[in-house]
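Student: Sequence first, then the predicted structure, then my questions.
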Amino acid sequence: MAVAATAPTGAWAYPAPAPEPAPQAQQESPYKDQGEYDLANAAGKETDPGKKLDKLKEWEQKYPDSKLKSARTLMQAQALLGSAMAAYGKTTPPELLDSGQKAAKQILDNLDNYFAAGAKPAGATDQQWADARKTFELQSHSVLGWIAFAKKSDPEAETEFKKILELAPDSAQVSYWLGSVIIRQKNVARYSEALYDLARSLTVTGANALPPAAAGPAADYLKRAYVGYHGDDSGLDDLKKQAAGAALPPAGFHIDSVAELEAKKFGDIEAFNKAHPDIALWRQIRDALKGEQGDTYFGTVKGSQIPPENIGTFKGKVVSVNDKDLVVNVDNAGGDATLKFEHALNQKAINAGDSLEFKAVVESFTKEPYMLTLSVDDPKEAIKGLPDNAFSSAAPTKKAAPKKAAPKKK
């Protein structure tokens with residue numbers, strides 16, 4: 001979900017340097033000489049943040065003890081913020097993101113220097129000075145969070161988004177992004193936290209609420225993610241009410257997953273496995289592949305069609321669809337199966353959260369995060385639950401034929 005970059009607000013701004021004083025008042029001039037005046041004036045008039053920083057640096061190098069040192073320092077901070085904000089909301093080019101990231105970090109590293117009590121302008125109140133500092137801090141973390149989010153540096157983005165929410169708790173867009181980056185890390189143990197953040201984004205009202213055009217899709221995404229993790233939407237309204245009270249979830253916050261609910265229902269793993277033989281087999285294959293002998297075990301199942309006839313099909317929910325790939329949640333809300341098709345899928349006919357059943361041929365796997373990739377040659381035979389128009393009308397060039405049944409891990 002994109003958001004338009006916003007300019008910093010509330011920051012105290014020094015005016016451009018005043019004209020050179022009249023001769024009779026020359027002794028009161030803050031400038032050492034005409035050269036300093038020319039440098040200060042050029043820096044004050046420059047609108048490009050990068051060029052302004054260059055002019056300010058030249059002024060500092062030639063006149064390190066200027067009477068306008070404090071004003072110059074804040075002008076540097078303002079130019080850095082302008083450079084940082086130029087990258088906010090952008091995804092390219094890489095050098096723009098890198099320069100924005102560097103500028104934002106420089107601001108945060110030097111906040112105490114930029115906003116020292118002795119540097120406060122004569123016309124600014126203490127409250128204005130404190131508000132200006134907070135604005136610079138908040139905008140800098142916003143830039144760093146956005147850039148990390150855009151680069152998919154999710155742990156770094158998560159850290160920045162939490163810092164923003166500590167400074168400005170009612171930031172719906174940031175709460176939404178925070179939930180999204182946690183889910184994107186595919187650590188199901190943290191999905192409770194992510195669902196809280198997504199719910200929080202929908203409870204913020206006023207100027208910092210999600211815009212109407214974004215709130216609807218955000219609500220749909222929350223419901224799909226919640227149902228995919230919890231099994232149904234029971235408790236979702238209570239989650240929203242709780243999230244309205246605080247920007248971040250309390251320590252130990254937890255929502256039961258569908259697997260945890262099933263375990264409580266059956267009481268023991270043997271009863272669960274009897275009731276869900278497809279899930280039991282899926283977990284058996286997963287645990288074997290993730291084990292020390294995973295590569296050896298993979299050699300015995302590669303090319304096999306799973307599950308075997310006595311089980312029939314695996315059940316799952318669509319997580320995402322892209323061209324010829326369908327990511328499915330069989331036993332992990334973040335997705336643990338990738339179904340690969342010979343022809344492009346009709347993405348408009350398939351929605352995240354759609355239920356399906358499938359059988360397919362083992363092709364490859366990754367251990368962390370775990371993902372089993374399977375090929376589907378004839379989707380109309382191998383896939384149940386999705387509409388017929390989800391698949392290409394082109395006939396398959398080959399028919400899936402299992403080489404062997406998937407052996408059990410000994």
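Tutor: Looks like it came in fine. Numbers count the residues shown, from 1 in each chain.
Student: Where do the domain boundaries of the chain fall?
Tutor: With domains defined by automatic domain parsing, the chain comprises 23-243, 275-390.
Student: biggest helix in this protein by residues?
Tutor: Looking across the chain with DSSP state H, the single longest helix is helix 126-150.
Student: Quick one: the domains of the chain as a markdown table, columns for distance to Ala251, mean neighbour count and mean pLDDT too.
Tutor: Quick note: C-beta positions are derived from backbone N, CA and C, even for glycine. Output for the domains of the chain, formatted as a markdown table (distance: least, Cβ to Cβ, whole Å; neighbours: other Cβ atoms under 10 Å; pLDDT from 0 to 100):
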| stretch | distance to Ala251 | mean neighbour count | mean pLDDT |
| --- | --- | --- | --- |
| domain 23-243 | 11 | 18 | 93 |
| domain 275-390 | 22 | 17 | 93 |
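Student: quick one, which of these is nearest to Ile255?
Tutor: Of all these, the one in closest proximity to Ile255, counting by Cβ to Cβ, is domain 23-243 (4.3 Å).
Student: Now do the same for Ala405: its pLDDT.
Tutor: Ala405 is assigned 51 on the pLDDT scale.
Student: Tell me the span between the first and last residue of stretch 239-252.
Tutor: End-to-end distance for stretch 239-252: 14 Å, by Cα to Cα, to the nearest Å.
Student: quick revisit: dump the domains of the chain to TSV, plus distance to Glu260.
Tutor: Shown next, in TSV, are the domains of the chain (distance: least, Cβ to Cβ, whole Å):
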stretch	distance to Glu260
domain 23-243	9
domain 275-390	12
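Student: closest one to Pro249 among the ones you listed?
Tutor: Across the domains of the chain, closest to Pro249 is domain 23-243 (Cβ to Cβ), at 4.1 Å.
Student: can you tell me how far Glu186 sits from Gly299?
Tutor: Wrong residue type there; residue 186 is Lys, not Glu. Separation of Lys186 from Gly299 (Cβ to Cβ, to the nearest Å) stands at 26 Å.
Student: I should have written Thr366 there, sorry.
Tutor: 16 Å.
Student: Likewise for Leu222?
Tutor: Distance from Leu222 to Gly299, by Cβ to Cβ: 42 Å.
Student: Same question for Ile255.
Tutor: To Gly299, Ile255 is 39 Å away according to Cβ to Cβ.
Student: got the contact list for the longest strand along the chain?
Tutor: Secondary structure of the chain per DSSP state E: the longest strand is strand 314-322. For strand 314-322, the surrounding residues in contact (Cβ atoms under 8 Å, 6 or more residues apart in numbering) are 228, 278, 282, 306-307, 326-330, 333-335, 337, 345, 347, 350-359, 386.
Student: Which of those fall within helices?
Tutor: Gly228, Asp278, Trp282.
Student: Let me have the residues you listed in TSV, extended by distance to Ala246.
Tutor: Listed next are those as TSV, based on distance: Cβ to Cβ, whole Å:
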residue	distance to Ala246
Gly228	25
Asp278	39
Trp282	37
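Student: Just the element for the most centrally placed residue in the chain, please.
Tutor: In the chain, the centroid-proximal residue (Cα atoms, centre = their mean) is Val181; its distance is 3.3 Å. Here Val181 sits within helix 172-184, counting by DSSP states H and E.
Student: helices or strands up against the next helix or strand along the chain from that helix?
Tutor: Per DSSP H and E, the first helix or strand lying C-terminal to helix 172-184 is helix 191-203. Taking 3 or more Cβ pairs under 8 Å, 6 or more residues apart in numbering; DSSP states H and E as contact, the helices and strands that helix 191-203 lies on are helix 172-184, helix 212-230, helix 236-243.
Student: Could you dump the ones you listed into JSON lines and include distance to Lys151?
Tutor: What follows is those, written out as JSON lines (distance: least, Cβ to Cβ, whole Å):
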{"stretch": "helix 172-184", "distance to Lys151": "11"}
{"stretch": "helix 212-230", "distance to Lys151": "22"}
{"stretch": "helix 236-243", "distance to Lys151": "28"}
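Student: which stretch among these comes nearest Lys134?
Tutor: Among the helices and strands packed on helix 191-203, helix 172-184 sits nearest to Lys134 (Cβ to Cβ), with 15.3 Å.
Student: what separates that closest one from the chain centre, distance-wise?
Tutor: For helix 172-184, the separation from the chain centroid amounts to 5 Å (computed by Cα atoms, centre = their mean, to the nearest Å).
Student: So which other helices or strands are in contact with that helix?
Tutor: Helix 172-184 sits against helix 126-150, helix 154-167, helix 191-203, helix 212-230, with contacts defined as 3+ Cβ pairs under 8 Å, 6+ apart.
Student: how far off helix 191-203 does that helix point, in degrees?
Tutor: Counting by axes from the mean of the first three to the mean of the last three Cα atoms, to 10 degrees, helix 172-184 lies at 160 degrees to helix 191-203.
Student: and the residue lying closest to Asn346 once chain neighbours are set aside, what is it in contact with?
Tutor: With Cβ to Cβ, 6 or more residues apart in numbering as the criterion, Asn346 has its nearest non-adjacent residue at 5.2 Å, and that residue is Ala390. Ala390 is in contact with Leu345, Asn346, Ala349, Ile350, Pro379, counting by Cβ under 8 Å, 6+ apart.
Student: now, among those, which is nearest to Arg190?
Tutor: Of all the contacts of Ala390, Ile350 has the smallest distance to Arg190: 26.7 Å, by Cβ to Cβ.
Student: Could you check how far stretch 180-191 is from the centre of its chain?
Tutor: The answer for stretch 180-191 is 10 Å, by Cα atoms, centre = their mean.
Student: Now do the contacts for the residue nearest to the centre of the chain.
Tutor: Contact analysis of Val181 by Cβ under 8 Å, 6+ apart lists Phe149, Asp154, Ala157, Glu158, Phe161.
Student: same deal with Ala275?
Tutor: By Cβ under 8 Å, 6+ apart, Ala275 lies in contact with Phe266.
Student: Give me the phi and psi angles of it.
Tutor: phi -80, psi -30 (degrees, to the nearest 10).
Student: Quick check: it vs Val258, distance?
Tutor: Separation of Ala275 from Val258 (Cβ to Cβ) stands at 13 Å.
Student: Name the residues contacting each of these two.
Tutor: Joint contacts of Ala275 and Val258 (Cβ under 8 Å, 6+ apart) do not exist.
Student: Now for the closest residue in space to Ala219 that isn't next to it in sequence: which residues touch it?
Tutor: Computed as Cβ to Cβ, 6+ apart, the closest residue to Ala219 that is not its neighbour in sequence is Leu202, at 5.8 Å. Shown in contact with Leu202 (Cβ under 8 Å, 6+ apart): Ala172, Leu210, Ala215, Ala218, Ala219, Leu222, Lys240, Ala243.
Student: Brilliant, that's me finished.
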